[in-house]
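S.K.: My questions concern the predicted model and sequence given below.
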Amino acid sequence: MSEELLDEIEAINSIYGDGSLSPTDDESSTYILRLPGDASSLRIQFPESYPARPPLVLGTHHSSGGVRGAGARDLHLFRDVVGKVFDEGSVCVFDAVEEFGRRVGCDAEKEEQQNVVTPDVEEEQEEEKKECFDPPEWVLSEVVVESKSTFVARVARVSSPEEARSHVGHLLAGDRRVRLATHNITAWRVRGHGATQFQDCDDDGETAAGGRLLHLMQVMDVWGVVVVVSRWYGGVKLGPRRFAVINGVARDCMVRAGVAGK
């Protein structure tokens, strides 16, 4: 097994949960991939030359929630995604899982946005004009250096989307080192009046990192905070491993801040 595949397995299991990509009992080169959400699990075989050659998506292991036709749908879609994201010499399963989740979640996200109750636009704009937020007290994570890249997370409590955006603005304006970071990945979640809920994220050039950070907050049941993960790139590409490090410092910071629900 190549070192690239080992790193990719570690990254997938770190982000999506232990056992998301695990070997079968009968064949060491065949793995079971649990797709995110309520999607199916698939059997995948890695050729000895992977990532020089793409993985083989052998078939469905379990169908999505017993829904008729869901397994065949997920299998067809994942095979299509692997064919599109594979680049000879680069691991591709993590990117394929990300793209699969993006495609499947597109319709669900649109439906969810339509069902969210939001305040009157004019009222919200008036409130934003009135509010002036003081600079927050940030809780910092342990500083992590991985292959010459430096990562650190910050957490501050917020009570509204406007306050979350204001806190990030204060941080970037007041800390030159943070402002000069290669990426400042952000995510926040806030409960509003009644049953309203607000959440958002920003990759800041680190593709898909904001979504993964927001997903971590959802898994940890974190509300009323904004999280900022800064990365100073050291010249060595980390591949999918970078997402595990980003989520790792974010988790450490939320635990230190005492905001983790789980």
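M.R.: Nice, I can see it.
S.K.: Pull the number of nearby residues for Lys154.
M.R.: Small correction: residue 154 is Arg, not Lys. The number of residues packed near Arg154 is 25, by other C-beta atoms under 10 Å. Yep, even glycine has a C-beta here, placed from its N, CA and C like the rest.
S.K.: I should have written Glu137 there, sorry.
M.R.: 10.
S.K.: Identify the residue spatially nearest to it, adjacent ones excluded.
M.R.: The spatial neighbour of Glu137 that comes closest, neighbours along the chain excluded (C-beta to C-beta, 6 or more residues apart in numbering), is Ala156 at 6.7 Å.
S.K.: so the one you found touches Ser166, yeah?
M.R.: No: contact criterion C-beta atoms under 8 Å: Ala156 and Ser166 do not qualify, at 10.1 Å.
S.K.: Which of those two has more residues huddled nearby?
M.R.: Looking at Ala156 and Ser166 with other C-beta under 10 Å, you find the greater number of neighbours at Ala156, namely 23 against 20.
S.K.: Look at the more buried one and give its secondary structure.
M.R.: strand (DSSP: H, G, I helix; E, B strand; the rest coil).
S.K.: tell me the pLDDT at it?
M.R.: Predicted confidence (pLDDT) at Ala156: the value is 95.
S.K.: what's the answer for Asp107, then?
M.R.: pLDDT for Asp107: 49.
S.K.: With Gln199 instead?
M.R.: At Gln199 the predicted local confidence, pLDDT, stands at 94.
S.K.: what helix or strand is the closest residue to it other than its chain neighbours on?
M.R.: By the measure of C-beta to C-beta, 6+ apart, the closest residue to Gln199 outside its immediate chain neighbours is Arg189, 4.3 Å from it. Here Arg189 is covered by strand 183-191, with elements defined by DSSP states H and E.
S.K.: Provide the strand pairings for the helix or strand just after that strand, with the direction of each partner.
M.R.: Scanning the chain past strand 183-191 towards its C-terminal end, the next helix or strand to appear is strand 197-202 (assignment: DSSP H and E). Strands adjacent to strand 197-202 in the sheet, as given by DSSP bridges, are strand 183-191 (antiparallel).
S.K.: C-alpha coordinates for the helix or strand containing Asp80, CSV please?
M.R.: When elements are defined using DSSP H and E, Asp80 is found to belong to helix 70-85. Below are the C-alpha coordinates for helix 70-85, written out as CSV (Å, rounded to 0.1, in the frame of the first residue of the first chain):
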residue,chain,number,x,y,z
ALA,A,70,-30.8,4.4,-4.4
GLY,A,71,-27.8,2.0,-4.5
ALA,A,72,-27.6,1.9,-8.3
ARG,A,73,-28.0,5.7,-8.4
ASP,A,74,-25.2,6.3,-5.9
LEU,A,75,-23.0,3.7,-7.7
HIS,A,76,-23.5,5.3,-11.1
LEU,A,77,-22.9,8.8,-9.7
PHE,A,78,-19.8,7.9,-7.8
ARG,A,79,-18.3,6.1,-10.8
ASP,A,80,-19.0,9.2,-12.9
VAL,A,81,-17.4,11.5,-10.3
VAL,A,82,-14.2,9.3,-10.0
GLY,A,83,-13.8,9.5,-13.8
LYS,A,84,-14.0,13.3,-13.7
VAL,A,85,-11.7,14.0,-10.7
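S.K.: Surely Ser29 touches Phe46?
M.R.: Yes: in terms of C-beta under 8 Å, Ser29 counts as a neighbour of Phe46; the distance is 5.4 Å.
S.K.: So if we follow the domain assignment, how does the protein break up?
M.R.: Under the assignment the TED database, the domains of the chain span 3-107, 139-257.
S.K.: Save these as TSV, and put in distance to Phe133 too.
M.R.: Compiled in TSV, the domains of the chain are given as follows (distance: least, C-beta to C-beta, whole Å):
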stretch	distance to Phe133
domain 3-107	32
domain 139-257	4
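S.K.: Report the beta-bridge partner residues of the residue nearest to Glu137.
M.R.: With DSSP bridges applied, the residues forming beta bridges to Ala156 are Val226.
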